[in-house]
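Asks: build the 3D model from these lines:
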Amino acid sequence: MERGSEDRTLDITMSEPRIGRVLVASLHQAIADLLPDRLEFYENWLSVSGLREGTIGLAPLSAVLSFLRTEGDTAYGSITARAGEYAAAWTYDNVPAFERRVIHALPAPLRARAALRTARALVRATYPGSRAITHVKKGVASIDLRGSLFCEVRETSVLPLCGFYAAAIARVLRLCDVPADAQVSQCRAAAGGQKGCLLSVTLNGRESDTAIAA
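Replies: Numbering: from 1, shown residues only. Below you'll find the model as predicted:
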């Protein structure tokens with residue numbers, strides 16, 4: 001290979017957006033929990049060095065998600081939901097202790113707002129192109145999920161693929177003492193030609209109207 005070609009390849013590799021460590025590490029741990037016999041196979045892409053150095057890019061993650069979908073809908077859903085819960089716990093643990101105490105001391109409406117802010121930070125941390133826009137009305141948060149890597153597929157899926165975020169967001173809220181249940185109401189990877197991914201999160205005991213952007 002000519003030197004110029006090597007330089008161009010290096011430039012492309014270095015400029016490729018990296019996947020957030022919280023997403024990679026949570027997927028790795030979920031696979032270790034639920035598919036331990038397959039962990040070595042997935043570590044061809046989720047390498048230990050890549051996890052440690054934060055150098056895993058979009059192509060390896062896409063390969064992992066593609067293979068996970070071949071494990072079956074139940075396995076895929078269980079692994080991505082477990083990964084979402086791990087990501088939520090680690091994100092919450094990284095919030096400074098003083099800030100966590102402040103959040104828990106807030107009145108319920110303000111606590112829900114703060115918890116959603118933490119949830120949006122989690123979404124942004126998974127990938128530079130991912131973000132969430134939330135709108136809360138009468139105790140239900142509608143979350144417009146932009147740039148979900150789980151939903152970058154060529155063929156449509158029978159089931160929604162962005163359950164990672166539903167599990168992660170609900171878990172963050174509960175860790176902030178905001179009882180919540182989340183479900184995917186629309187997924188752009190699902191059959192039916194849906195244009196985007198929408199999550200519906202029920203905030204128990206929360207009654208207010210507000211729009212919050214990522």
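Asks: what does stretch 66-78 contact?
Replies: Residues from elsewhere that reach stretch 66-78 (CB atoms under 8 Å, 6 or more residues apart in numbering): 31, 34-35, 38, 41-42, 79-80, 153, 157-159, 161, 163. For glycine as for every other residue, the C-beta is placed from the backbone atoms N, C-alpha and C.
Asks: farthest-apart pair in those residues, please.
Replies: 41 and 158 (24.2 Å; CB to CB).
Asks: between the contacts of stretch 66-78, which is nearest residue 125?
Replies: Nearest to residue 125 among these, with distances taken as CB to CB, is residue 80, at 16.3 Å.
Asks: going on from the longest helix anywhere in the chain, what's the next piece of helix or strand?
Replies: Longest helix of the chain, by residue count under DSSP state H: helix 73-93. On the C-terminal side of helix 73-93, the closest following helix or strand by DSSP states H and E is helix 97-105.
Asks: from what I can see residue 123 touches residue 165, true?
Replies: Yes: using CB atoms under 8 Å, residue 123 is in contact with residue 165, at 6.4 Å.
Asks: overlap in contacts of those two?
Replies: Counting by CB under 8 Å, 6+ apart, the residues touching both residue 123 and residue 165 are 132, 145.
Asks: just the buried residues of the strand or helix carrying residue 114, please?
Replies: Element membership for residue 114, per DSSP H and E: helix 108-126. Across helix 108-126, burial judged by 16 or more other CB atoms under 10 Å covers 108-109, 111-116, 118-120, 122-123, 125-126.
Asks: the inter-axis angle of that helix versus helix 73-93?
Replies: 110 degrees (axes from the mean of the first three to the mean of the last three CA atoms, to 10 degrees).
Asks: what's the angle from helix 108-126 to helix 97-105?
Replies: Using the same axes, to 10 degrees: helix 108-126 against helix 97-105 is 140 degrees.
Asks: return the alpha-carbon coordinates of helix 108-126 using PDB.
Replies: The C-alpha trace of helix 108-126 is given here as PDB (Å, rounded to 0.1, in the frame of the first residue of the first chain):
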ATOM      1  CA  ALA A 108     -41.400  15.800  42.800                       C
ATOM      2  CA  PRO A 109     -41.900  18.000  39.700                       C
ATOM      3  CA  LEU A 110     -38.400  19.400  39.900                       C
ATOM      4  CA  ARG A 111     -36.900  16.000  40.700                       C
ATOM      5  CA  ALA A 112     -38.500  14.600  37.600                       C
ATOM      6  CA  ARG A 113     -37.100  17.400  35.500                       C
ATOM      7  CA  ALA A 114     -33.600  16.800  36.900                       C
ATOM      8  CA  ALA A 115     -33.900  13.000  36.400                       C
ATOM      9  CA  LEU A 116     -34.900  13.600  32.700                       C
ATOM     10  CA  ARG A 117     -31.900  15.800  32.300                       C
ATOM     11  CA  THR A 118     -29.700  13.000  33.500                       C
ATOM     12  CA  ALA A 119     -31.400  10.600  31.200                       C
ATOM     13  CA  ARG A 120     -30.800  12.900  28.200                       C
ATOM     14  CA  ALA A 121     -27.100  13.100  29.200                       C
ATOM     15  CA  LEU A 122     -27.000   9.300  29.100                       C
ATOM     16  CA  VAL A 123     -28.400   9.200  25.600                       C
ATOM     17  CA  ARG A 124     -25.800  11.800  24.400                       C
ATOM     18  CA  ALA A 125     -23.000   9.800  26.000                       C
ATOM     19  CA  THR A 126     -23.800   6.700  24.000                       C
END
